[in-house]
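Chemist: Show me the folded form of this:
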Amino acid sequence: MKSFYVYALSMCVAAGTTIGCGGSQTPLGLRGAMPPNTARYGSASSPIQHVVLVIQENRSFDNFFALFPGADGATRGKMKVKRGGKYVDKWTMLQPHALINGSDIQHCHASFETAFDNGKMDGFNLVHFGVCRHPGNGVGTAAYQYVEESQIKPYWDIASQWVLADHMFQTQGSGSFTAHQDLIRGATNINSTESIIDNPSGQPWGCDAPSHSQTSLITSSGKYLFDKGPFPCTNRFPSSGSYETLRDLLDAKGVSWKYYVPCFSTSNGCTPDKRCPDCAGNLLNAYDVIASVRYGSEWGTNFGMPETQIFSDITNGVLPAVSWVIPEDNEDDHPGERIDKGPSWVASVVNAIGQSAYWNSTAVFIIWDDWGGFYDNAVPQQFQDNLGGLGFRVPCLVVSPYAISGQSSQGGYVSHTQYEFGSILRYIEDNFNVGRLNTTDTRAASIGGVFNYAQVPRPFKRIASPDSIEYFKGLPPVVQHGDPE
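Modeler: Residues are numbered from 1 along each chain as shown. Predicted coordinates for the structure are as follows:
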């Protein structure tokens, strides 16, 4: 593994055209502070009383929005190919594709390094299908594709009406496990020099993991330590007391929160007949890693299992101040699934809020947890920290009556500001005046810049989708049985 360095970047090249990559902040270490934002979004002045974070899976920005008007997208990308015994770069056109993709592409840290190639962004074709622990064949041009607009029309409709942030980067160049940790705490550091990276060796990913499960680490010098990390539960971390999450900040200030997530089937009796809150942590339940949550009273009160409980909570007027919403496999956009109702699922969550009494006090953030192995043209800055990032860009949509209105006929706005997952955490911290985690939230620009609190609240317009709210509410509860990445 290479050592990490500060990668100064002022422009990127996509489709043969120089396009601004956004963001001018100086990269600093994990706890190095950026100049403070000029605006704060404290609860005293903010009309936002509810923040809902909808987390989808495994898509790069270019995979979904390569052709979106006004966005930093690409129609072709670089590949590293062998000619005469040497690697050279060539351009290849991004090909249109259906949303359902028959194969998963590796997206662990090694895959990130290969695709990133020291900032050349030309190695996406050299990664493999399958999971990193058991790789399959090389992907070649399969990584160079974009999903046709007609396949993800609800996403494009949301972007056309509200906000599309086209420079949202992962905290780490890694997969779903660390991404979901980053979305509750902005980092995975377990001490001053080491952070967890990639997926644990056993499922589910948390305190409910099999006893032999291990994590992998990355050091501040960029060294990768495969399966050398602790069991994925904070009571086994060397510095468990310092592994704070937003839950700690929110609880300290009496701010309500809830994590909507499917159940996970394990040997401890989590079955369709014996359901929540008795079942174990879900594969993507980030709080299953936090021992004080998993073995505390909040496990029975602060988790909506199954995830469709968000609809009844909205209807019953008990939506908390901060929500994380995690879909089940058939709605998460993960490549390799035979069914993908992700666009309808997201539209249903947005519609449920937009058509409720919560509309005028809510901000909805929709984000994809990692790039899923697909090509993206924007070069991420490389920080000198112990996280292994920034990672690649992912799509990010923002829906709120206070979202900035853009120039499109429907009011959509494309934000070119550089954001990372810590940008969302920073906004939540500021909006509810709960303090700082002092992880990547200190360097990240708050995503609050996409709002205008002075404007008259914009009315909601229902997002059309093939499947309705009632469809998802009527589905039988699903018990997850595992997803490799």
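
Chemist: Which residue ranges of the stretch 51-200 of the chain form helices?
Modeler: Using DSSP state H, counting those that start in this stretch, the helices of the stretch 51-200 of the chain run over residues 61-65, 109-116, 153-161, 176-185.

Chemist: Quick one: mean pLDDT over stretch 297-307.
Modeler: Here stretch 297-307 scores 91 as its mean pLDDT.

Chemist: Could you export that stretch as CSV, CA atoms only?
Modeler: This file holds the C-alpha atoms of stretch 297-307, laid out as CSV (Å, rounded to 0.1, in the frame of the first residue of the first chain):
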residue,chain,number,x,y,z
SER,A,297,-32.1,0.0,26.5
GLU,A,298,-31.9,2.1,23.3
TRP,A,299,-31.7,-1.2,21.3
GLY,A,300,-35.4,-1.6,22.1
THR,A,301,-36.5,2.0,21.7
ASN,A,302,-34.3,3.8,19.1
PHE,A,303,-34.5,1.2,16.3
GLY,A,304,-37.3,0.9,13.8
MET,A,305,-37.2,-2.7,12.7
PRO,A,306,-38.4,-3.4,10.1
GLU,A,307,-37.3,-0.3,8.3
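
Chemist: now for the helices of the stretch 51-200 of the chain, which one comes closest to residue 469?
Modeler: Closest to residue 469 of those, according to Cβ to Cβ: helix 153-161, at 12.7 Å. For every residue, glycine as well, the C-beta is placed using N, CA and C.

Chemist: Quick one: list the elements packing against the closest one.
Modeler: Identification of packing neighbours for helix 153-161 by 3 or more Cβ pairs under 8 Å, 6 or more residues apart in numbering; DSSP states H and E yields helix 61-65, helix 342-354, strand 396-399.

Chemist: Kindly compare burial across those and name the winner.
Modeler: When you average the neighbours per residue for each of the helices and strands packed on helix 153-161 (mean count of other Cβ atoms under 10 Å), helix 61-65 leads with a mean of 29.

Chemist: could you dump the helices and strands packed on helix 153-161 to CSV with mean pLDDT?
Modeler: Shown next, in CSV, are those (pLDDT from 0 to 100):
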stretch, mean pLDDT
helix 61-65, 98
helix 342-354, 98
strand 396-399, 98
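
Chemist: Tabulate those (a markdown table), appending distance to residue 158.
Modeler: Formatted as a markdown table, those follow (distance: least, Cβ to Cβ, whole Å):
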| stretch | distance to residue 158 |
| --- | --- |
| helix 61-65 | 11 |
| helix 342-354 | 7 |
| strand 396-399 | 5 |
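
Chemist: Quick one: closest of the ones you listed to residue 476.
Modeler: If you check each of those against residue 476 by Cβ to Cβ, helix 342-354 wins as the nearest, at 15.5 Å.

Chemist: Which strands or helices does that closest one pack on?
Modeler: Counting contacts by 3+ Cβ pairs under 8 Å, 6+ apart, helix 342-354 is packed against strand 50-56, helix 153-161, helix 309-315, strand 362-368, strand 396-399, helix 469-474.

Chemist: Strands of the stretch 251-400 of the chain, start to end?
Modeler: 257-260, 263-264, 303-304, 322-325, 362-368, 393-394, 396-399 (DSSP state E, counting those that start in this stretch).

Chemist: re the thing from before, out of the helices and strands packed on helix 153-161, flag the one nearest residue 293.
Modeler: helix 342-354 (23.1 Å).

Chemist: Out of the helices of the stretch 51-200 of the chain, which is the most enclosed?
Modeler: Highest mean neighbour count of these: helix 61-65, a mean of 29 (counted as mean count of other Cβ under 10 Å).

Chemist: Please state the offset of that helix from the chain centre?
Modeler: Relative to its chain's centre, helix 61-65 lies at 14 Å (Cα atoms, centre = their mean, to the nearest Å).

Chemist: what do you get for stretch 352-360?
Modeler: Centroid displacement of stretch 352-360 relative to its chain, using Cα atoms, centre = their mean, is 23 Å.

Chemist: what sits up against it?
Modeler: Stretch 352-360 has contacts (Cβ atoms under 8 Å, 6 or more residues apart in numbering) with 47, 50, 52, 310-311, 314-315, 317, 319, 362, 364, 399, 401, 457, 460-463, 469.

Chemist: Can you turn the buried part of these into a PyMOL selection?
Modeler: If you want just the buried ones from the contacts of stretch 352-360 in PyMOL, going by 16 or more other Cβ atoms under 10 Å, the selection is:
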select buried, resi 47+50+52+310+311+314+319+362+364+399+401+460+463+469
